[in-house]
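>>> Sequence plus the predicted model coming up.
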Amino acid sequence: MDSALKQRQEHQSGHQNLQQSPAIYKDILETDPELERKCILQSDALYEYILETSVYPREPQPLKELRELTANHPWHVVSTPADGGQFLNLLIKLINAKNTMEIGVYTGYSLLATALALPHDGKIMAMDINRENYELGLPVIEKAGVAHKIDFREGPALPVLDQLIQDGKYHETFDFIFVDADKDNYLNYHERNIELVKVGGIIGYDNTLWGGSVVAPPDAPLPKSIRAYLDYVLEFNKAVAADPRVEICQFPVGDGFTLCRRIS
Ligand SMILES: C[S@@+](CC[C@H](N)C(=O)[O-])C[C@H]1O[C@@H](n2cnc3c(N)ncnc32)[C@H](O)[C@@H]1O
């Protein structure tokens with residue numbers, strides 16, 4: 001690891017960052033170490049089996065480096081897990097995506113998984129309110145030779161999407177959009193994404209099983225932040241399941257993943 005990267009990583013891992021982190025991460029980290037588990041599977045052994053058999057041996061070196069770097073960051077539990085990255089990487093290739101978008105970058109694991117899968121002239125418009133975390137992973141992305149594919153936009157994603165729609169030229173231009181950010185806006189993102197993704201294009205939403213809380217009894221002792229966003233996740237899941245503009249598939253990779261294929 002080069003020394004600038006190491007310095008930044010040491011700076012980032014200071015506890016003061018946790019104080020500044022959104023309440024959601026702080027609460028999850030402090031009240032539920034169980035959520036360190038990166039997968040919705042209720043068997044650690046089975047998840048380890050998947051990682052050790054099929055994921056880690058095939059994980060590209062830059063992703064491994066970024067994963068290890070992120071592990072030292074105080075919010076690391078929110079990073080896309082290695083099996084999620086592997087899934088995204090393969091999906092991008094399967095659909096021959098070229099023009100993509102990502103909402104919710106953090107240190108860039110899913111971003112790098114996407115960038116590595118795209119052709120040399122592929123593009124990712126990436127949005128996050130926090131540039132500092134993106135810049136933590138950026139040296140690894142640069143070293144991997146894929147930084148030229150990324151157009152990072154700092155700030156809340158919703159106004160950026162509205163601007164893209166207003167511009168007109170982005171209408172139905174994206175092959176793939178990945179959403180992994182504020183759960184209370186998923187439905188707002190969905191309405192805009194539908195206008196931006198091509199017919200036949202894919203929108204992927206992460207965390208749609210929300211730590212398994214979607215089936216928790218009403219009196220279950222959930223971390224405050226899980227409880228706070230649960231209704232949004234439930235409402236989103238119900239809405240996309242009934243949305244005739246998309247075909248969907250929800251499945252238990254990572255924290256629950258929903259793929260939507262735009263059909264009209
Ligand atoms: C779960 S993390 C993303 C993880 C990332 N996909 C990865 O591979 O590690 C969620 C990210 O969404 C960002 N975020 C939260 N609210 C946002 C908003 N309104 N607009 C854009 N990004 C937002 C947070 O700063 C955080 O980095």
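Noted; the coordinates are in hand. Numbering: from 1, shown residues only.

>>> going forward, measure contacts between C-alpha atoms and count neighbours the same way
Will do.

>>> interface residues of this protein facing the ligand?
By CA under 6 Å from any ligand atom, the residues of the chain that approach the ligand are 78-80, 103-110, 127-130, 155-157, 180-182.

>>> Worst mean pLDDT across the helices and strands of this structure, which element?
One helix or strand of the chain scores below all others by mean pLDDT, DSSP states H and E: helix 16-20, with a mean of 30.

>>> Inside helices: which ones of the residues of the chain next to the ligand?
Among the residues of the chain next to the ligand, the residues falling in helices (DSSP state H) are 109, 110, 157.

>>> Of those residues, keep whichever come out buried.
For these, a burial check counting by 16 or more other CA atoms under 10 Å picks out 109, 110, 157.

>>> And for the last one, nearest residue in space, chain neighbours not counted?
The shortest distance from residue 157 to any residue other than its chain neighbours is 5.9 Å, reached at residue 127 (CA to CA, 6 or more residues apart in numbering).

>>> That neighbour: neighbouring residues, count only.
Residues near residue 127, counting by other CA atoms under 10 Å, number 26.

>>> now residue 53
The number of residues near residue 53, taken as other CA under 10 Å, comes to 11.

>>> Where do the helices of the chain begin and end?
Remark: helices assigned in the chain by DSSP H are 3-12, 16-20, 23-31, 44-50, 61-70, 82-94, 109-117, 131-143, 157-167, 186-196, 224-241.

>>> Reformat these as CSV; add distance to residue 208.
CSV is the format used below for the helices of the chain (distance: least, CA to CA, whole Å):
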stretch, distance to residue 208
helix 3-12, 28
helix 16-20, 25
helix 23-31, 16
helix 44-50, 18
helix 61-70, 22
helix 82-94, 13
helix 109-117, 16
helix 131-143, 23
helix 157-167, 19
helix 186-196, 10
helix 224-241, 6
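
>>> Give me whichever of these is most buried.
Across the helices of the chain, averaging neighbours per residue (mean count of other CA atoms under 10 Å) puts helix 109-117 on top, at a mean of 26.

>>> Low-confidence ranges, the stretch 151-264 of the chain, go.
Applying pLDDT under 70 to the stretch 151-264 of the chain picks out no residues at all.

>>> For this structure, list the residue farthest from the centre, please.
Distance from the centre of the chain peaks at residue 219, with 29.0 Å (CA atoms, centre = their mean).

>>> what's the distance between the closest residue to residue 199 other than its chain neighbours and the ligand?
Of all residues not flanking residue 199 in the chain, residue 262 sits nearest, at 5.1 Å (CA to CA, 6+ apart). For residue 262, the distance to the ligand (CA to the nearest ligand atom, to the nearest Å) stands at 22 Å.

>>> Residue 262 contacts residue 245, doesn't it?
Yes: with contact defined as CA atoms under 8 Å, residue 262 counts as touching residue 245 (5.9 Å).
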